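K.L.:
have a look at this fold, sequence not included:
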């Protein structure tokens, strides 16, 4: 589903969450990056129809929608945390949300296939209060996919997941992303690095970058350095420069430094990572 946003604004009593935000998204997986408080969750909730915008325009699939309820069945939403009725089984939860989404045809097969997709097919008779955090997250994914949405909005998806569950979560989204639009919101670069080719980066409610990962890294080329110094000197160094990584060695410290100028004579230039490029951009902004 194509999404166009123009001049989107949203404010609360104590702050402006979104400030004249504009962007255009087509099919595929997009990463929505930004620090905590940058406006990511507000944007996701507005796109999902949970929050009202103060101003601006949003079109879904080339149409300006006056009532989000007209297309709510085409939108899947995965929040940061899930709340399920604790005494309902996994299957009962899926059946309940199938009814809410008015899924009638092949309902049991759809439920079976989705539970297999998220590796919960053997847990369908377990009560949700017995599920681990990662299992609840996977059940939430299955619930969000029941209506086969054209647009999937995912807010901070890996909170509470262990490394293996993070990998499986990414694999599920990649499988589902064909011919659909998925927006993944996170403040952790690694959450979206392997799955999303394009990025939206928010800073204080503004869109400071909209483009590919490769282009963002090209912008940072020539500004990433590695150097080795003593541990005592590194403390002073970190106060003067932006350090994206610090490795403790047996005889000192290796720092990865973001700077337009060569920080010290012994420093050598290295290729930027996505994390380097993101930090360089938001700190420059």
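P.N.:
Structure's in. What do you need? Note that the structure is a prediction, hence the values are computed from the model and not measured.

K.L.:
all helices of the stretch 101-250 of the chain, in order?
P.N.:
Counting by DSSP state H, counting those that start in this stretch, residue ranges of the helices within the stretch 101-250 of the chain are 107-117, 133-144, 163-176, 189-193, 213-220, 231-240.

K.L.:
buried ones in the last one?
P.N.:
Meaning helix 231-240. Within helix 231-240, the residues scored as buried using 16 or more other CB atoms under 10 Å are 234, 237. Where C-beta positions appear, they are placed from N, C-alpha and C, glycine not excepted.

K.L.:
contact partners for residue 97?
P.N.:
With contacts taken as CB atoms under 8 Å, 6 or more residues apart in numbering, residue 97 has the following neighbours: 143, 146.

K.L.:
I misspoke; the intended subject was residue 276.
P.N.:
Contacts for residue 276 were tallied using CB under 8 Å, 6+ apart; they are 217, 220, 224, 244, 256, 258.

K.L.:
what about the strands in the stretch 51-200 of the chain?
P.N.:
Assigned strands in the stretch 51-200 of the chain, in chain order: 55-60, 63-64, 75-78, 151-155, 181-186, 198-203 (criterion: DSSP state E, counting those that start in this stretch).

K.L.:
wait, what's in contact with the residue most central in space within the chain?
P.N.:
Geometric centre of the chain, nearest residue: residue 185, 2.3 Å, by CA atoms, centre = their mean. Each residue near residue 185 by CB under 8 Å, 6+ apart is listed here: 32, 40-41, 43-44, 153-156.

K.L.:
thinking again about what came up before, adding mean pLDDT and distance to residue 61, write the helices of the stretch 101-250 of the chain out as TSV.
P.N.:
As requested, the helices of the stretch 101-250 of the chain are exported to TSV (pLDDT from 0 to 100; distance: least, CB to CB, whole Å):
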stretch	mean pLDDT	distance to residue 61
helix 107-117	93	23
helix 133-144	86	19
helix 163-176	79	18
helix 189-193	85	24
helix 213-220	94	26
helix 231-240	90	48
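
K.L.:
so which bits of the lowest-mean-pLDDT helix or strand in the chain are buried?
P.N.:
Counting by mean pLDDT, DSSP states H and E, the chain has its least confident helix or strand at helix 163-176, which shows a mean of 79. By neighbour count with 16+ other CB under 10 Å, helix 163-176 contains the buried residues 165-166, 168-170, 172-173, 176.

K.L.:
what is it packed up against?
P.N.:
With contacts defined as 3 or more CB pairs under 8 Å, 6 or more residues apart in numbering; DSSP states H and E, the packing partners of helix 163-176 are helix 107-117, helix 133-144, strand 151-155, strand 181-186.

K.L.:
need those in a markdown table with distance to residue 98, can you?
P.N.:
As requested, the helices and strands packed on helix 163-176 are arranged in a markdown table below (distance: least, CB to CB, whole Å):
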| stretch | distance to residue 98 |
| --- | --- |
| helix 107-117 | 5 |
| helix 133-144 | 9 |
| strand 151-155 | 17 |
| strand 181-186 | 21 |
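
K.L.:
ok, of the contacts of residue 185, which one's closest to residue 202?
P.N.:
Nearest to residue 202 among the contacts of residue 185: residue 40, at 5.9 Å, using CB to CB.

K.L.:
need the contact list for that closest one.
P.N.:
Shown here is residue 40, whose contacts under the criterion CB under 8 Å, 6+ apart are 32-34, 155-156, 185-187, 202.

K.L.:
list buried residues within those residues.
P.N.:
When neighbours are counted using 16+ other CB under 10 Å, those contain these buried positions: 32-34, 155-156, 185-186, 202.

K.L.:
for these, give me a markdown table that also has distance to residue 125.
P.N.:
Listed next are the buried ones among the contacts of residue 40 as a markdown table, based on distance: CB to CB, whole Å:
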| residue | distance to residue 125 |
| --- | --- |
| 32 | 36 |
| 33 | 39 |
| 34 | 40 |
| 155 | 29 |
| 156 | 30 |
| 185 | 33 |
| 186 | 33 |
| 202 | 42 |
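
K.L.:
could you dump those residues to TSV with pLDDT?
P.N.:
Supplementary listing: those in TSV, determined by pLDDT from 0 to 100:
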residue	pLDDT
32	96
33	95
34	92
155	90
156	82
185	93
186	89
202	96
